[in-house]
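Novice: need a 3D model of the sequence below.
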Amino acid sequence: MTLTIRPAPVSHALYVAAPPESAFRTFTEGMGRWWPKSHSIGTSPLAGVVMEPWAGGSWHEVGEDGTACPWGRVALWEPPLRLVLVWQIGADWKHDPTLETEVEVTFTAEGTGTRVMLEHRGLEAYGARAAEMSGVFASPGGWPGLLAAYASAT
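Specialist: Reported below is the predicted structural model:
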């Protein structure tokens, strides 16, 4: 019998003072406004982020020179409640079309605002570097910091 140990998903939740519709729109349509320019994998400095609003749509960055650099794709588009993205960025911070991890984001009404929950799962796809990548995604420069930037823009 072979025992496989899978890394736990990286999860982070926060509250934003906006209704789910607005919170979802800022996360998706507005990603280029809050995503840090330092978190770019393209060859040209980051100018924006595009997330096509349908299952199967592209998720990519656009460089200042107009070039697109893929990050993954939209797996599930259920505004304003849920979004699942396929993350295809390898441990070397380059697009890898053979790598697939999932980022699920839910938007739940809470009082006059929204509870936003993000879970990045399937990290075993990184193989021997899974624990390292889990640590990166859970670090202040990973999802917690990205979601803090998002909350500031919401």
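Novice: so how many other residues sit close to P144?
Specialist: P144 has 15 neighbours, counted by other Cβ atoms under 10 Å. Backbone N, C-alpha and C define where each C-beta goes, glycine included.
Novice: how much space between T26 and T67?
Specialist: 25 Å (Cβ to Cβ, to the nearest Å).
Novice: who's more crowded, the two?
Specialist: For T26 versus T67, neighbours defined as other Cβ under 10 Å are more numerous around T26 (20 against 13).
Novice: can you measure across stretch 105-124, start residue to end residue?
Specialist: Stretch 105-124 has an end-to-end distance of 19 Å (Cα to Cα, to the nearest Å).
Novice: same question for that stretch, mean pLDDT?
Specialist: Taken as a whole, stretch 105-124 carries a mean pLDDT of 97.
Novice: buried set for that stretch?
Specialist: Buried residues in stretch 105-124, counting neighbours by 16 or more other Cβ atoms under 10 Å, are found at 105-107, 113-123.
Novice: so which of those sit within strands?
Specialist: Among the buried residues of stretch 105-124, the members found in strands (DSSP state E) are 105-107, 113-121.
Novice: closest to H12 among the residues you listed?
Specialist: Distance to H12, by Cβ to Cβ, is smallest for L118 among these, at 5.2 Å.
Novice: and that closest one, how far from S44?
Specialist: 27 Å.
Novice: list the contacts of M117.
Specialist: By Cβ atoms under 8 Å, 6 or more residues apart in numbering, M117 lies in contact with 11-13, 105-106, 108.
Novice: hmm, 10 Å instead?
Specialist: Residues counted as contacts of M117 (Cβ atoms under 10 Å, 6 or more residues apart in numbering) are 11-14, 82, 104-108, 147.
Novice: what do you get for G127?
Specialist: So G127 contacts 91, 99, 133 (Cβ under 10 Å, 6+ apart).
Novice: now P19
Specialist: 25, 80, 107, 109, 112-114.
Novice: report the separation between it and P9.
Specialist: From P19 to P9 the distance is 27 Å (Cβ to Cβ).
Novice: what comes into contact with whichever strand or helix holds P144?
Specialist: Following DSSP states H and E, one finds P144 within helix 143-153. Helix 143-153 has contacts (Cβ under 10 Å, 6+ apart) with 10-18, 23, 26-27, 30-31, 33-36, 39, 103, 105, 116-120, 136-140, 154.
Novice: fine by me, we can end here.
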